[in-house]
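Just the structure for this:
(4 chains)
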Number of protein chains: 2
Amino acid sequence: MIQIPTQTFKALGDPTRQQILGLLADRELTIAQVAGHFDMTRAGVKKHMKILEEGRLITVTPKGRERLNTLNRDGFDMVSDWVGYFDQFWDDKLNALKALVEEDMK
Amino acid sequence: MIQIPTQTFKALGDPTRQQILGLLADRELTIAQVAGHFDMTRAGVKKHMKILEEGRLITVTPKGRERLNTLNRDGFDMVSDWVGYFDQFWDDKLNALKALVEEDMK
DNA sequence: GACATATGATACCTTTTGGTATCATATTGG
DNA sequence: CCAATATGATACCAAAAGGTATCATATGTC
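Predicted coordinates for the structure are as follows:
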């Protein structure tokens, strides 16, 4: 069985975090900068960032007294791998079905 | 911008629901049959099934007095499409970076 | 060193989520 | 028709998640 990126799926299943990822797609940002785009406190944003980090969707780089948050390919790649596994699964399903039908026609 | 399958991600971000999908990968099952594999009541399983259905990961087919729950490609395809979008995004990022480096070397 | 700023950490509150218990409804079989 | 079975719906509870307020800590600037 393949490794399922549960933390990544959980992180992606929230509109606010999706918007944050959209912001970070443009450029890396500090938490304060991200919070500037929302009607939310820094502390609130921080919690979302932690979840995104746990899902390996962002990385944090200390730079002086601030921390730059950047998109991380890892989480995306993990979902990509999972999708690849299921594509294979559906193909097999179809092949199995096809074989069954052919068997039935004998 | 692409359509993000939020409901699907939310449905996938839970270990119990992942296990249910695993069971349904083998064969279609009723809620009672699914509940037989867990230390949980039917009502509890039912809630998970509803979320899986909202994420378009399963479909429900009435058959007499029972309802058969079957895997649905739609949710998986939606995630697949989303992944495809991001693959493109990363490619563009790399190209942009490459162009920037080349510009810098002039 | 003192002060401003950027962030982290904690306690606390409210809402959502995961789960149970219970009752109502629909279908099958005698 | 009646009993058994499969399910749906609702009310309710505990735990987790989303969010704020507040305080502590680290870094840059004068």
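
From here on, just use CA atoms for contacts and neighbour counts.
OK.

Does chain B have contacts with the host helix or strand of residue A:21?
Per DSSP states H and E, residue A:21 falls inside helix A:15-26. Yes - judged by Cα under 8 Å from any Cα of the partner chain, helix A:15-26 and chain B are in contact via residue A:15.

Return the list of helices and strands in contact with that helix.
Here helix A:15-26 touches helix A:42-54, strand A:66-71, going by 3 or more Cα pairs under 8 Å, 6 or more residues apart in numbering or on different chains; DSSP states H and E.

any chance of these in a markdown table, plus mean pLDDT and mean neighbour count?
Shown next, in a markdown table, are these (pLDDT from 0 to 100; neighbours: other Cα atoms under 10 Å in any protein chain shown):
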| stretch | mean pLDDT | mean neighbour count |
| --- | --- | --- |
| helix A:42-54 | 98 | 17 |
| strand A:66-71 | 97 | 19 |
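
just so I know, which of these lies nearest DNA strand C?
Distance to DNA strand C, taken as Cα to the nearest atom of the strand, is lowest for strand A:66-71 among the helices and strands packed on helix A:15-26, at 3.8 Å.

Now the element after that closest one, going C-ward?
Of the helices and strands lying after strand A:66-71 in sequence (DSSP H and E), the nearest is helix A:73-104.

is chain B contacted by that next one?
Yes - part of helix A:73-104 sits near chain B under the criterion Cα under 8 Å from any Cα, namely A:73, A:76, A:79-80, A:83, A:86, A:90.
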